[in-house]
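Chemist: Everything below, folded, please.
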Amino acid sequence: MTAFPVDERAPARDNPGMGGRGLTSVLITDIAGSTERAAALGDRRWRAVLEQHDAIGRATAAAHGGSWLKSTGDGMVANFPGPAAAIRCGLEFIEMTREQLEVDVRAGVHVGECELREDDVAGIAVHVAVRVSGIAGGGELLISRTVRDLVAGDDFDFATAGSHTLKGVPGRWQLYRVTERPPATVPSPRSPARSRRGTPGRATTGSARSAAPAPLSVVLVDDHPLWRQTVRTVIEQGRTGRVVAEVADGAEAVAVIADHRPDVVLMDMQLPSLSGIEATRAVCARLPGARVLVLSSNDDPPTVVEAVRAGAAGYLIKTADADTIRSAVRRVAAGELVFPTGVGDAVLDALRGREATAAEPGPTSALSERERQVLELMAEGLSNRAIAKRLFLSAKTVETHVSAVFDKLDIKPTDDVNRRVRAVVAYLQEAAGSGKTLS
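Modeler: Next up is the predicted model:
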């Protein structure tokens, strides 16, 4: 893999002087989980990652005949004469940043008429591309139906990504995930050009490629690095899926899973900050469709039942062999329930209890309507400043409400976990118990 040097003299774009309006294909990217990664690396090392990220973006866009327009902090904006080149660039960029920088980039592509400025591009097509990229998970490239129709003859493979409303854009939009690409028709930053499967420089037939399903995305949550490495090997070498993130902390896992939205979460029970039960409950409240498979060393039936009540879709003992783990991941992703033998009746009772048990008044019932609004926005990941803007309040007023939330939920300052995280987890747990979903 070629490593691109950082060149501060590189121009912001390749085609200066362009102006007017025209049809163009827009690629938008950003790094999934960038906040957590930046916090882990520290300012200096994270700045170096972003500089290398921009250098790769410039080189990759140029190699595919496009123009690197600008950095968005942890992403890029680029435009291309045609959508196929934008897709190839996006896939190449995702792959290269993962291999060289160990980050997961998500991307979106849309095509439309835009205002072509000196060093930027503007118009509804740009807004659509931004919204599309925001829906993508880490390591994914999503496109609009318009793009899919335009590249129908280019031998890409797509999987439907559902129908979505895009904030600020009228109507519903059918999106597609690019699961395979033909070999590049323009010089690539990597040499020699090679298709993802098959012989170098030669595309495999569409029917042969579509026979293999797209790999599942998996997040591993366990505080033992060696065990995470073992499970990653089992999942990836067995071609069951791709691990998009590893987390060692229960509270951190809730945010990472919400960011990546994986097909399956593999969750340990014994975790720092939040237990696996608490983290599962918070994840399932925030993402009602989440599929959590518990991997635990404890096969005590009451523990299994507690995991089911928290929202787990499966439970395995860590002594399970590799084939059993891979099969369980596939089955849970497909919507099945997977649990140890001998606890069937107890599990069924717990599943019935999810629907039949009415939640008692929770700790957030003491909050005022405004304080609950603030807590709900905290659960969406908004900062105090962003909450103030959303609710048309001053930053000071929001700080007062946040302090009141902490006091009423009896959340004291501690060294082990952020008070904000504790407040959000309390809210999500209560939402899970009452059957509510976040808007």
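Chemist: May I have the phi/psi pair for the spatially most central residue of the chain?
Modeler: By Cα atoms, centre = their mean, the chain has its centre lying nearest to residue 260, at 2.0 Å. Backbone geometry at residue 260, expressed as degrees, to the nearest 10, gives phi -90, psi -30.
Chemist: Distance-wise, check it relative to residue 146.
Modeler: According to Cβ to Cβ, to the nearest Å, residue 260 and residue 146 sit 26 Å apart. All C-beta atoms are positioned from the backbone trio N, CA, C, and that covers glycine.
Chemist: And the helices in the stretch 301-439 of the chain, which stretches?
Modeler: Counting by DSSP state H, counting those that start in this stretch, the segments of the stretch 301-439 of the chain that form helices are 301-310, 322-333, 344-356, 369-379, 384-391, 395-408, 419-434.
Chemist: and residue 282, which of the ones you listed is closest to it?
Modeler: For those, proximity to residue 282 was assessed by Cβ to Cβ; helix 419-434 is nearest, at 4.2 Å.
Chemist: pLDDT averaged over that closest one, what's the number?
Modeler: If you average the pLDDT over helix 419-434, you get 71.
Chemist: ok, now which ones touch residue 105?
Modeler: Contacts for residue 105 (Cβ atoms under 8 Å, 6 or more residues apart in numbering) come out as 29, 30, 31, 32, 75, 93, 94, 97, 98, 138, 139.
Chemist: helices or strands up against the helix or strand harbouring residue 88?
Modeler: Residue 88 belongs to helix 83-101 when assigned by DSSP states H and E. In this structure, helix 83-101 makes packing contacts with strand 21-31, helix 43-63, strand 75-80, strand 105-116, strand 141-144, helix 145-150, strand 172-180, judged by 3 or more Cβ pairs under 8 Å, 6 or more residues apart in numbering; DSSP states H and E.
Chemist: Of those, which stretch is the most buried?
Modeler: strand 141-144 (a mean of 28; mean count of other Cβ atoms under 10 Å).
Chemist: Can you list the helices and strands that that one packs against?
Modeler: Where contact means 3+ Cβ pairs under 8 Å, 6+ apart, strand 141-144 is packed against helix 83-101, strand 105-116, helix 124-135, strand 172-180.
Chemist: possible to save the ones you listed as TSV with mean pLDDT and distance to residue 332?
Modeler: Formatted as TSV, the helices and strands packed on strand 141-144 follow (pLDDT from 0 to 100; distance: least, Cβ to Cβ, whole Å):
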stretch	mean pLDDT	distance to residue 332
helix 83-101	89	25
strand 105-116	85	23
helix 124-135	87	23
strand 172-180	83	20
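Chemist: how about the ones you listed in JSON lines, adding distance to residue 337?
Modeler: Formatted as JSON lines, these follow (distance: least, Cβ to Cβ, whole Å):
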{"stretch": "helix 83-101", "distance to residue 337": "32"}
{"stretch": "strand 105-116", "distance to residue 337": "30"}
{"stretch": "helix 124-135", "distance to residue 337": "28"}
{"stretch": "strand 172-180", "distance to residue 337": "26"}
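Chemist: now for the ones you listed, which one comes closest to residue 241?
Modeler: So among the helices and strands packed on strand 141-144, strand 172-180 is nearest, using Cβ to Cβ, at 13.4 Å.
Chemist: List the strands paired with that closest one, with their directions.
Modeler: Looking at strand 172-180 with DSSP bridges, its partner strands are strand 141-144 (antiparallel), strand 157-165 (antiparallel).
Chemist: hey, least reliable of those by pLDDT?
Modeler: Among the strands paired with strand 172-180, strand 157-165 carries the lowest mean pLDDT (a mean of 84).
Chemist: Now do the buried residues in that one.
Modeler: 157, 158, 161, 164 (16 or more other Cβ atoms under 10 Å).
Chemist: With distance to residue 286 as new columns, can those be given to me in CSV?
Modeler: Listed next are the buried residues of strand 157-165 as CSV, based on distance: Cβ to Cβ, whole Å:
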residue, distance to residue 286
157, 31
158, 28
161, 20
164, 18
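Chemist: and which of those is nearest to residue 253?
Modeler: Nearest to residue 253 among the buried residues of strand 157-165: residue 161, at 24.0 Å, using Cβ to Cβ.
Chemist: Let me see the contact set for that closest one.
Modeler: 135, 142, 175, 176, 177 are the contacts of residue 161 under Cβ under 8 Å, 6+ apart.
Chemist: Good, we can wrap up now.
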